[in-house]
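Asks: Give me a 3D structure for the following:
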Amino acid sequence: MTWRRAVGDAFRLLRTERWVATDLLAGAVLYAAWVAGTAALLRRAADAAGLSPPAAHRPVLVAAGLLWLAVPAAVAVYRLRDRLLNISGNVEQRYRFDRPAALLVPPAALLAVLAIVAAVVPDRRYGAAVLSIAGLYLLARTTAYSYRVFAFSRPAVLYAATVVTVAVQAAAALVTVAPVVDRGALVERAVVTLGAGEYVTATVGGVPLPLVAAVAVPVGLSAAYLALQGVAALAVRLIEPDVNRSDLRTGQRYPPFVDVADGPAYDRTPADGEAAGDDVPPSAEPTPDEGPDDGEDLDEVRHTRVFRPPGEGEDGPSAAGADLIEDGAGGANAGSGGSARRCTACGETARAEETVCPNCGTSL
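Replies: Numbering: from 1, shown residues only. Coordinates of the predicted model:
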């Protein structure tokens, strides 16, 4: 497969990623309801504890930070992991590219286009908000990429990056819409307590700094991971280490310069002429192997029955007549003279003189 075909496959994969849009929309609605509901509960709890006004007390602010930043970040990581590692085996199948870096082309292209649009729209805050979502999508694709590559394959690092990203983006949403959230009291008090007033009010190119951070954090963390992976891939290529089969996870690619003991049964070595390194991704196309998340997706063995009519055997004309050869199923039926007949019940081929199917016993 060529690099162009790999990129095409990566874009076609967007059709199966409708969950990205649905999860983002549902997450935004649920987050707004979560903040409104927990703000009301915090007010009641503070009043019951004699903490009035609620925004003036540190325990309330700490609880608000946990509820509005930490909890959404944890839920986002759980949801992302569930989407990538579900029972359908997305990482093992849909994202199983021989050229893993092709997975990153669509989000990178989306970011480039949106950056141009954001630069020309009158209110750049909206452009920055959309760019932050595209950055989160880049992080999701980078997580899938981290499962596929061999060198520095650390999905947990991307999960941690997702936690940080969602927390930063949630904070940006809160300070941007603070007047709407609990009249902004808790948010404004938290900003004062943390001494982050200058950070909230500062702007970069007319865009509030929190929104700039919401874009820079996911893009920067993804770029940093890819840079580390590239260095690790170069080192592995130079070392050419020996790797035990059990050390490879399901769906993980193994480059041809790595010696895998016993050879994994669930992947293939790139053909001659394909790229060898993880940082220079190899030929693309997801392989449709199926299997549980934690098991080996061994290739299915199919038994093929081939009928050779009289005189057309591999070694020339056969005096034995028609040969029925069973490949992989064990055993063979040989006939003599005449034409063979096929059972209408099971499809087995029988000799001309037989009146009963040798496989299922149906009368011929």
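
Asks: Quick check: residue 64 touching residue 41?
Replies: No. The criterion here is Cβ atoms under 8 Å, and residue 64 misses it with residue 41 at 10.4 Å. Where C-beta positions appear, they are placed from N, C-alpha and C, glycine not excepted.

Asks: the more surrounded of these two?
Replies: residue 64 (23 against 11; other Cβ atoms under 10 Å).

Asks: How far does the strand or helix carrying that one sit from its chain's centre?
Replies: Using DSSP states H and E, residue 64 sits within helix 58-65. Chain-centre distance of helix 58-65: 35 Å, with Cα atoms, centre = their mean, to the nearest Å.

Asks: Helix 58-65 and whatever helix or strand comes next after it, what's the angle between them?
Replies: Going down the chain from helix 58-65, the next helix or strand is helix 71-84, by DSSP H and E. Using axes from the mean of the first three to the mean of the last three Cα atoms, to 10 degrees, the inter-axis angle of helix 71-84 relative to helix 58-65 is 20 degrees.

Asks: Could you pull out the buried residues of helix 71-84?
Replies: Neighbour counts over helix 71-84 (16 or more other Cβ atoms under 10 Å) mark 71, 72, 73, 76, 77, 80, 83, 84 as buried.

Asks: residues making contact with the next helix-or-strand element following it?
Replies: Scanning forward in sequence from helix 71-84 by DSSP H and E, the next helix or strand is helix 105-120. Helix 105-120 has contacts (Cβ atoms under 8 Å, 6 or more residues apart in numbering) with 7, 10-11, 13-14, 124, 126-128, 130-131, 134-135, 137-138, 141, 219.

Asks: Restricted to helices, list those.
Replies: 7, 10-11, 124, 126-128, 130-131, 134-135, 137-138, 141, 219 (DSSP state H).

Asks: so what's residue 55 closest to, chain neighbours aside?
Replies: residue 189 (3.7 Å; Cβ to Cβ, 6 or more residues apart in numbering).

Asks: if I pick the one you found, what's in contact with it?
Replies: Residues near residue 189 by Cβ under 8 Å, 6+ apart: 55, 56, 61.

Asks: pLDDT score for it?
Replies: Residue 189 carries a pLDDT score of 80 in this model.

Asks: can you tell me the helix or strand for it?
Replies: Here residue 189 sits within helix 185-194, counting by DSSP H and E.

Asks: now swap in residue 231 and tell me
Replies: Using DSSP H and E, residue 231 falls in helix 209-239.

Asks: Average pLDDT for the next helix or strand after that helix, rounded please.
Replies: Downstream of helix 209-239, the first helix or strand assigned by DSSP H and E is strand 242-244. On average, the pLDDT along strand 242-244 is 73.
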